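Colleague: Take a look and give me a structure for this.
(one chain, ligands or ions: 1)
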Amino acid sequence: MGLDRACEQARDFTEYFPASSACGGAAHLHQIFGSIGTNEVFAFLSKKGSPSTAAPLSSCSPPPPSLKPKPPPHARAAMAALSAKTIQNAFLAQHHPRTRHGTRYPSDFCSLKTRGMHSFQECRLTVADSSAKWLNTTSTPWTSFNKQAISYNAAQGGSVVSSSEKVDFLKLQNGSDIRGVAVAGVEGEPVNLTEPATEAIAAAFAAWLLNKKEADGLRRLRISVGHDSRISAHKLQNAVTHGITAAGHDILQFGLASTPAMFNSTLTEDERNHLPVDGAIMITASHLPYNRNGLKFFTSDGGLNKADIKDILERASKIYEESAHGKLKEWEDASRGVVNSVDYMSIYASDLVQAVRKSAGDKDKPLEGLHIVVDAGNGAGGFFVDKVLKPLGAVTTGSQFLEPDGLFPNHIPNPEDKTAMKAITQAVLDNKADLGIIFDTDVDRSAAVDSSGRELNRNRLIALMAAIVLEEHPGTTVVTDSVTSDGLTVFIENKLGGKHHRFKRGYKNVIDEAIRLNSIGEESHLAMETSGHGALKENHWLDDGAYLMVKLLNKLAAARTLGSSIGSKVLTDLVEGLEEAAVTVEIRLKIDQNHADLKGGPFRDYGEAVLRHLENAIGKDPNLHKAPKNYEGVRVSGYGGWFLLRLSLHDPVLPLNIEAPSNDDAIKLGLAVLAAVNEFSALDVTALNKFVQQ
Ligand SMILES: [Zn+2]
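Modeller: So this is what the prediction gives:
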């Protein structure tokens, strides 16, 4: 831990305090770094020249309760561990400039006069750690893009560039996303999504996009960038901006945004606001812990696929390597891209408002009199209250965790998380609200709660959306992931008269399958995963949690116009008849990749061998029946329920889902799986053993 981390954290935390709170940053850091005196923290921050903390501490009043950070225990422990050393090192650096490679760095080098990338490079160079390793981590290969930086490097004898840290770019791929660790402090999780790596990835995206657009004769691209509430958001936004502009393309910064809004910016026609853009970059790691972050990319064709991401990461690796060896073209200042800020979330939200008004017969306030509470989990979904619900006339008192806080102090913003669902359910009951809405961090997923406190998520939310979509498109096919219940199939096919196509896990797989079905003449209008990712054909097959909720609002508004229903009963009635299992279990069986049984081979081969063996064993049991159509793993019905054992998309894990009418039946299904997989000694069946012995 060194000064660069302290600089970043000071900046990250102060970014999240309103300008009116002159002392907010110092107070916040003091709380996070609990063991350090407030005066020391303040002195450190004012050295950094952070404008929001530059007032003398004597003028500070305690921060108002709303500003008090409540980091979750894991975050607090991690922060506490790094706190003392961070501040100590910061002071050492300020007062004892070191000599390295014959160069003396001035002690005031670290004052952050600008928020640009280079201030951070300079900041890093003052660190009071004498190990050669530290110098490696401080270097950035991107300095060759900037004349000022080049001359600066020349003065250092070029050692900074050539000693850049190795980055394994392909390891940053997570399906069709990029994910990594962006904040230090969690043991065993070193930072791999660094700013230089992020710059290289952004530049690689621009190069990839330019390749695609070459046919249109485009040479200069316009790319939007937005982020969720994570504490590393601003530094990565700066890195993306630098990567894109240094490559000669223009950037539109949206600030706090939702993932679907970023895609939308490739479609919005609004020349005054420089829209549409050629491509969009969202900085998010969805519901993952606070130290992670990632990137998602969009063009007007939608999100990029796995092969595109691999291509971009390979390009990024090359760009990173070449810049480290000074091989990249030096850009003239005149050819650098332009940076503009646009309040895009207002544009996007007003489209959602128009959609609801239109479906309610152009009524200005179609939700008047309805009480709707929102839980944004301190992610990016808070806009839904002020920019969507209030203009439509809804009462929103009791909405919670709307303010962005990248430490997620209240609960994980995830509609699949039990604590999160409990929080919104409680808010609905406490406020006697008609409906509750919850979003994940970047608002590509959502769930609802009806006025009685009944959760409308997972299978129920798919059933509800299917009911709405099948009213509009009778007989259409609903594509879902593989872990949906048998009850959902019966509901869609027997009650709604639609067709249920149960495909694979992974929202991108589900959406792509729906697009494929349409392309071969099978009409589909809804693709939805139990995680809460749902995409409609009418909305460009975009998985937008806010748009899903707009579909529910349309129903409420229509019912209100007819005066036929009160509150959310119209929604509850739509899922009437959905059969639900009494027992629902997910057990994860891990594969030990170092086990001799794998004979050094890939875990995927081993996992597939387990599945093949299970499939054979099932064939011999008269109580169990393989699902006639199945696209992932082994799915079996029996004892009034079903189970699915499949191989995880990315990890050495075989998740087992069981649903049954009683615990005894669930155990019978569990025993059938256990009997078949027991002989695979690299498979950890502890959790399954525990379940069947209860
Ligand atoms: Zn998400």
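Colleague: buried sites along stretch 622-630?
Modeller: Leu624, Ala627, Asn630 (16 or more other CB atoms under 10 Å). (Glycine included, C-beta is placed from N, CA and C.)
Colleague: same question, stretch 291-303
Modeller: Judged by neighbour count using 16+ other CB under 10 Å, the buried positions of stretch 291-303 are Asn291, Arg292, Asn293, Gly294, Leu295, Lys296, Phe297, Phe298, Thr299, Gly302, Gly303.
Colleague: hang on, Ile667 in a helix?
Modeller: Yes - assignment of Ile667 by DSSP: H, G, I helix; E, B strand; the rest coil places it within a helix.
Colleague: residues touching it, list them.
Modeller: Applying CB atoms under 8 Å, 6 or more residues apart in numbering to Ile667 gives the contacts Phe691, Val692, Gln694.
Colleague: May I ask which of those has the most neighbours?
Modeller: The most crowded member of the contacts of Ile667, judged by other CB atoms under 10 Å, is Phe691 (20 neighbours).
Colleague: The closest residue to it other than its chain neighbours: neighbour count?
Modeller: Spatially, and ignoring its direct neighbours in sequence, Phe691 is nearest to Gly670 (5.4 Å; CB to CB, 6 or more residues apart in numbering). By other CB under 10 Å, the residues close to Gly670 number 22.
Colleague: Columns pLDDT, distance to the ion and secondary structure on top of the contacts of Ile667, output as a markdown table?
Modeller: Below are the contacts of Ile667 laid out as a markdown table (pLDDT from 0 to 100; distance: CB to the ion, whole Å; DSSP: H, G, I helix; E, B strand; the rest coil):
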| residue | pLDDT | distance to the ion | secondary structure |
| --- | --- | --- | --- |
| Phe691 | 97 | 29 | helix |
| Val692 | 97 | 34 | helix |
| Gln694 | 86 | 34 | coil |
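Colleague: and Leu313, that one's in a strand?
Modeller: No - counting by three-state DSSP, Leu313 falls outside a strand, being helix.
Colleague: Which residues lie in contact with the closest residue to the ion within the chain in this structure?
Modeller: Residue nearest to the ion within the chain (CB to the ion): Ser286, separated by 3.3 Å. When contacts are counted by CB under 8 Å, 6+ apart, Ser286 touches Gly294, Asn414, Asp440, Thr441, Asp442, Asp444, Arg445.
Colleague: got it, and Leu210?
Modeller: Leu218, Arg219, Leu221.
Colleague: can you check Tyr507 too?
Modeller: Counting by CB under 8 Å, 6+ apart, Tyr507 makes contact with Asp481, Ala527, Glu529, Ser531, His533, Ala535, Asp543.
Colleague: Am I right that the third one is in contact with Ser482?
Modeller: So that's Glu529. No - here Glu529 lies out of contact with Ser482, judged by CB atoms under 8 Å, at a distance of 9.5 Å.
Colleague: Have a look at those two and say which one is more surrounded.
Modeller: Glu529 (27 against 22).
Colleague: related to what we said a few turns ago, CSV for the buried residues of stretch 291-303, including secondary structure and distance to Val342?
Modeller: Below are the buried residues of stretch 291-303 laid out as CSV (DSSP: H, G, I helix; E, B strand; the rest coil; distance: CB to CB, whole Å):
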residue, secondary structure, distance to Val342
Asn291, coil, 29
Arg292, strand, 27
Asn293, strand, 22
Gly294, strand, 23
Leu295, strand, 19
Lys296, strand, 19
Phe297, strand, 18
Phe298, strand, 16
Thr299, strand, 18
Gly302, strand, 21
Gly303, strand, 21
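Colleague: Those into TSV, with extra columns for pLDDT?
Modeller: Converted to TSV, the buried residues of stretch 291-303 look like this (pLDDT from 0 to 100):
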residue	pLDDT
Asn291	97
Arg292	98
Asn293	98
Gly294	98
Leu295	98
Lys296	98
Phe297	98
Phe298	97
Thr299	97
Gly302	91
Gly303	92
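Colleague: for those, which one is nearest Ser265?
Modeller: The closest of those to Ser265 turns out to be Phe298 (CB to CB; 8.1 Å).
Colleague: hey, what's that closest one bridged with?
Modeller: In this entry, Phe298 is beta-bridged to Ala280, Gly303, by DSSP bridges.
Colleague: and the chain, which of its residues are near the ion?
Modeller: By CB under 5 Å from the ion, the residues of the chain that approach the ion are Ser286, Asp440, Asp442, Asp444.
Colleague: Using CSV, write out the CA atom coordinates for stretch 299-315.
Modeller: Written as CSV, here are the backbone C-alpha positions of stretch 299-315 (Å, rounded to 0.1, in the frame of the first residue of the first chain):
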residue,chain,number,x,y,z
THR,A,299,-23.0,-0.6,-30.5
SER,A,300,-26.4,0.1,-32.1
ASP,A,301,-26.6,-3.7,-32.7
GLY,A,302,-26.6,-4.3,-28.9
GLY,A,303,-24.1,-5.7,-26.4
LEU,A,304,-20.9,-7.2,-27.7
ASN,A,305,-20.5,-11.0,-27.7
LYS,A,306,-17.8,-13.2,-26.2
ALA,A,307,-15.7,-13.3,-29.5
ASP,A,308,-15.8,-9.5,-29.7
ILE,A,309,-14.6,-9.2,-26.1
LYS,A,310,-11.7,-11.6,-26.8
ASP,A,311,-10.8,-9.6,-29.9
ILE,A,312,-10.8,-6.4,-27.9
LEU,A,313,-8.7,-7.8,-25.1
GLU,A,314,-6.1,-9.2,-27.6
ARG,A,315,-5.9,-5.8,-29.2
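Colleague: contacts for stretch 643-655?
Modeller: Contacts of stretch 643-655 (CB under 8 Å, 6+ apart): 174-175, 482-483, 505-506, 586-593, 603-604, 607-608, 610-611, 614, 632-636, 656-659, 669-670, 672-673, 677, 683.
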